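Participant: sequence first, then the predicted structure, then my questions.
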Amino acid sequence: QLQLVESGGGLVQPGGSLRLSCAVSGLTLDYYRIGWFRQAPGKEREGVSCISVGGGRTNYADSVKGRFTISRDNAKNTVYLQMNSLKPEDTAVYYCAAKLYGGGISLLPHNYDYWGQGTQVTVSS
């Protein structure tokens with residue numbers, strides 16, 4: 001059974017940076033598409049970024065393009081989300097999710113089977 005654990009969240013001032021990590025255990029990361037999602041209070045969960053099985057393709061929500069970067073290190077079974085130039089509207093619980101043999105670069109939550117417990121990101125002065 002695949003398990004995902006997010007870390008790296010916290011409180012940061014507007015304009016600051018954070019790097020989230022998604023550590024995967026239970027099975028090898030090699031065959032999974034990984035996505036990052038976020039959910040703010042009172043809002044639906046939305047896709048932020050994803051990376052393909054081989055790591056050759058990535059996708060980003062328009063709201064984070066140019067500010068966030070997703071990467072994966074299969075040797076460490078970890079996926080990262082580097083978040084720069086953070087804004088108050090980036091405040092949310094951030095989740096990573098996985099899809100076995102997931103083709104494409106979907107940002108839709110229903111296209112993922114395994115989820116982590118989430119990590120809080122708060123952007124505030």
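Facilitator: Cool, got the structure.

Participant: low-confidence ranges in the chain?
Facilitator: Along the chain, no part satisfies pLDDT under 70.

Participant: give me phi/psi at the most centrally placed residue in it?
Facilitator: Compute the mean C-alpha point of the chain, and by Cα atoms, centre = their mean the closest residue is W36, 2.2 Å away. Note on W36: its backbone torsions stand at phi -110, psi 140 [degrees, to the nearest 10].

Participant: how much space between it and S125?
Facilitator: With distances taken as Cβ to Cβ, to the nearest Å, W36 is found 24 Å from S125. Bear in mind the C-beta positions are built from the backbone N, C-alpha and C, glycine included.

Participant: S52 now?
Facilitator: Plainly put, S52 is 36 Å away from S125 if you go by Cβ to Cβ.

Participant: and the two? which has more neighbours close in?
Facilitator: The neighbour count for S52 versus S125, taken as other Cβ atoms under 10 Å, is higher for S52 (18 against 8).

Participant: give me every residue that touches the residue nearest to the centre of the chain.
Facilitator: The contact partners of W36, taken as Cβ atoms under 8 Å, 6 or more residues apart in numbering, are 20, 22, 47-50, 70, 79, 81, 94-97.

Participant: could you rerun that using 10 Å?
Facilitator: For W36, the contacting residues are 6, 20, 22, 47-51, 60-61, 64, 68, 70, 79-81, 83, 94-97, 107, 116, taking Cβ atoms under 10 Å, 6 or more residues apart in numbering as the criterion.

Participant: in the sheet, which residues pair with it? Tell me.
Facilitator: In this structure, W36 has beta-bridge partners S49, C96, where bridges are defined by DSSP bridges.

Participant: now do L11
Facilitator: L11 has the following beta-bridge partners by DSSP bridges: T122.

Participant: that one touches V121, doesn't it?
Facilitator: Yes. Between L11 and V121 there is a contact at 8.4 Å, judged by Cβ atoms under 10 Å.
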